[in-house]
Every structure is written in structure tokens, then in C-alpha cells.
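Student: model this:
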Amino acid sequence: MGRQLVKRILRLSVFVAAYVILLAYCFIFNNDAGWSLWFLLTLILLFDLMTLMPSLKKVHVTIEESLQVAQGTSLSLPIEIYCYRPLFFPFVALSLSFDEGFHQQTLPFYRGTTIRTQAQWLPPSRGVYDKCSVTLRTRDLFGFFEKKRSLTIDQSLLVLPAYQAEATALLPLITEQSQRYTYGEPSFTIKQFRSYRPGDSLKHIDWKLSSKQQALIFREPENHKTQTLVLIFWGEADAHFEATLSLFFSLHQLVQQQHDVQTLLFGADIPSPYHPDALAYAQIAPFDHLPAGIPALASKQILVIAPAATEQVQRYIDQSQRHNNCQLLTYADLMGYIAEEERI
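Tutor: Residues are numbered from 1 along each chain as shown. Model (predicted):
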């Protein structure tokens, strides 16, 4: 903007100098040609000032819908520009300058009609953007003067962690292990032999043993169920927090389409670890001390993904190991898996 200001000052200085010289010429020589030229130049100046008459307060700017985008990805925002009434004098050039990451939009000779356009936005960082600041600028015909007005657009824009394609190499880590229970699907292991009861399946009768004992003997199988896999992001403060979150987010996008996996987010600034939605991924922040409300799990297969192995996460693993099957993977472990997969 400093360069534009210098250009406007130079143009205005040249015009003022020419105007003063012409006026001095008219007073000194007092001829019709000089006064005619001065009169024409004055009319041009008045017309130029009239192009600044439209008020920027009449211009309204809105973002038409809430959107979400991955960090590092450019987004086209649907922008609507309008005035409640058409303008008698159009703006010579109406410029819209947004916050950091936006490209400037310029509308030549804007008369107040409703215009829908696209504003390219490259988010500076992950997070939730509830407000968007925009600066309206207009100038006179010759670019001598400029006026501006600042607006705030209330619209929610979610910037999610960047999607990492190499997260596909981590899919083999997502496995469902079995654990035996007294209910669920029957296994091939025999729990006990007992007398046949009405309603029992005939396919589980041991006919050889029944013929020896002269009574129907039923083979009761031991039951088991598939253990639920719980994928946990451990958001403790670390230099690799954002990189680990990006890998976890990418892995979550992959497994939710292929596996029945429960996903939990342990971090600050989120309402609940049970709702790993887009808002939670945009809001989550690193913690120094484990937040309250962390659930106690039982009979689960737990895979904890953390930026680094710390005392806090190791304490959580030790406590959860009493009633679950737990595994800890750090950012370094994940990168090792990815590097090994790429070599294959």
C-alpha cells in the first residue's frame, strides 16, 4: 500500500503544479485561450471529485455459506456484494481486501447491483475463523484520492488438519483382535459337555459320546466376540503436535470408510473427546496437563497415537493396560512405518 500512496501523491503533485502554473499564466497574460483551458481543467477536477461521491456505507459484503478446507489448500469462497438501491454515480473501482491469505478483488464501475464472485483464500493456519475482516476501497477517476471502510463478516470457516496421503501406509496397524467372552459368536473351542436340552442345535450333538452313554450329549462351544478397536489421539504439547494430528486425521478419514473403529480426541479446547467431527479437528489445541473428562475404557483394543512418549501418556497406557490391550505409537514410530512401507 505504501507504493500506491506514493504514486497517488506524485500524480496529485503533478496535477496541482500544472493547475497552479496555468492559473498564474491566466493572471499574467489574461487571454481567452488561457482562461478557457483553466476552465476546462477545473471542470475535469470537479468531475473527478464527483466520482468520489458514492458512499461505501451503502455497500454490503457477505460470504454465502459456511465452508471447511484442509490446511495448506486454497479455497474459493462464494462472496456476494450488493447495495439495497442502485447508485446514481458508480464507483470508478471498488476493491475488496480481505485478511491474510486472500487475494484482492476489484470491481470496475460498480453501480450497486448484486454481484456473486469467488475470493481465493489460503488459510494461514488450522483453526476456526468465525469472523472475516474486509476493507472496501474506492478512488477517483484519475487516482488522486482514495477512501476506505472496514467491515466484519460473521461466517464460520473451518480449517482442518492437512490430509497426508502417506497415511495409507498406516492402515495395516488397524486390526481387530479377538477376545473370549461367555457370550457372542461361537468359536471352535469346546467349553463343556452337557446333557441335551430342548432347543439346542442338533449340529452340536456328540453322537459318538451319546451312543456310549445312552443319552444325547451336547457339545457347548465357548463364545467370543471381536474386540472393539479404539483409536486415540493424544494431544500433548510437542513440536510434532500438528504433524501428528495431520497423520491421525488422515488415518481417521481412511479407517472410517473401511473399519468399525471408535475414534477419540484427547486435547484442549474441545467439548468432548467422543465427537471427533470437523469442528473438533479445527478447535483442538495441545495440552500440558491431561484435561478432565477423559473416559475410562474397558475390554477394548486401544491404539494411542501421540507426538512423543512422555510420562503422562505412559501413565495412561499403564492404567489402561489393566482392562484393555494397549499400544502406543509416537510420531517417530509412524514415520518409521511410512518409510518402511515406501521402501517395500
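
Student: Can you get me the start-to-end distance on stretch 304-314?
Tutor: In stretch 304-314, first residue to last residue: 10 Å (CA to CA, to the nearest Å).

Student: what mean pLDDT would you report for the helix or strand harbouring Trp38?
Tutor: Element membership of Trp38, judged by DSSP states H and E, is helix 32-50. Mean per-residue pLDDT for helix 32-50: 89.

Student: got the buried residues for that helix?
Tutor: Going by neighbour count (16 or more other CB atoms under 10 Å), the buried part of helix 32-50 is 34-35, 38, 45, 48. To be clear about C-beta, it is placed using only N, CA and C from the backbone, and glycine gets the same treatment.

Student: can you list those residues in CSV and add distance to Leu173?
Tutor: Formatted as CSV, the buried residues of helix 32-50 follow (distance: CB to CB, whole Å):
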residue, distance to Leu173
Gly34, 88
Trp35, 88
Trp38, 83
Leu45, 74
Asp48, 69
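
Student: Please list the outside residues in contact with the helix holding Trp38.
Tutor: Applying CB atoms under 8 Å, 6 or more residues apart in numbering, the contact partners of helix 32-50 are 15, 18-19, 22-23, 25-26, 89, 140-142, 144-145.

Student: and Ser246, what does it touch?
Tutor: 71, 161-164.

Student: and which of the residues you listed is nearest Gly336?
Tutor: Nearest to Gly336 out of the contacts of Ser246 is Gln164 (CB to CB; 14.9 Å).

Student: neighbours around Gly336, how many?
Tutor: 12 (other CB atoms under 10 Å).

Student: ok, back up a step: C-terminal to the helix holding Trp38, what's the next element?
Tutor: Reading on from helix 32-50 to the C-terminus, the next helix or strand found by DSSP H and E is strand 60-63.

Student: after that next one, next one along is what?
Tutor: Assigned by DSSP H and E, the successor of strand 60-63 is strand 67-70.

Student: Just the mean pLDDT for the helix or strand following that following strand, thanks.
Tutor: Downstream of strand 67-70, the first helix or strand assigned by DSSP H and E is strand 75-82. What strand 75-82 shows for mean pLDDT is 88.

Student: try stretch 10-25
Tutor: 88.

Student: now swap in stretch 300-314 and tell me
Tutor: Stretch 300-314 comes out at a mean pLDDT of 93.

Student: helix/strand/coil for Val128?
Tutor: strand (DSSP: H, G, I helix; E, B strand; the rest coil).

Student: who touches it in this structure?
Tutor: Contacts of Val128 (CB under 8 Å, 6+ apart): 156-159, 279, 282-283.

Student: domain parsing for the chain?
Tutor: Domain assignment for the chain by automatic domain parsing gives 56-160, 165-175+227-343, 189-224.

Student: And the strands in the stretch 51-200 of the chain?
Tutor: Using DSSP state E, counting those that start in this stretch, the strands found in the stretch 51-200 of the chain span residues 60-63, 67-70, 75-82, 91-98, 105-110, 115-121, 127-139, 146-160, 178-195.

Student: out of those, which comes closest to Val6?
Tutor: Of all the strands of the stretch 51-200 of the chain, strand 146-160 comes closest under CB to CB, at 12.6 Å.

Student: Give the buried residues for stretch 61-78.
Tutor: Quick answer for stretch 61-78 (16+ other CB under 10 Å): 61, 63, 67, 69-71, 75, 77.

Student: any weak-confidence spans in this protein?
Tutor: Along the chain, segments meeting pLDDT under 70 span 1-2, 99-103, 175-194, 196, 199-210, 214, 216-227, 257-259, 344.

Student: Tell me if I am right that Leu251 is in a helix.
Tutor: Yes: using three-state DSSP, the assignment for Leu251 is a helix.

Student: I figured it hits Ala169, correct?
Tutor: No: judged on CB atoms under 8 Å, Leu251 makes no contact with Ala169 at a distance of 9.8 Å.

Student: okay, these two: which has more neighbours?
Tutor: Between Leu251 and Ala169, Leu251 has the larger neighbour count (other CB under 10 Å), namely 25 against 19.

Student: Identify the residues contacting the more buried one.
Tutor: Leu251 sits in contact with 167, 170-171, 174, 231, 305, where contact means CB under 8 Å, 6+ apart.

Student: gap between it and Thr244?
Tutor: Separation of Leu251 from Thr244 (CB to CB, to the nearest Å) stands at 11 Å.

Student: and for these two, which residues touch both?
Tutor: What both Leu251 and Thr244 touch, as defined by CB under 8 Å, 6+ apart, is the set Ile305.

Student: Pop out the phi and psi values for the closest residue to Ser156 other than its chain neighbours.
Tutor: Of all residues not flanking Ser156 in the chain, Ser66 sits nearest, at 4.7 Å (CB to CB, 6 or more residues apart in numbering). With angles defined as degrees, to the nearest 10, Ser66 sits at phi -80, psi 140.
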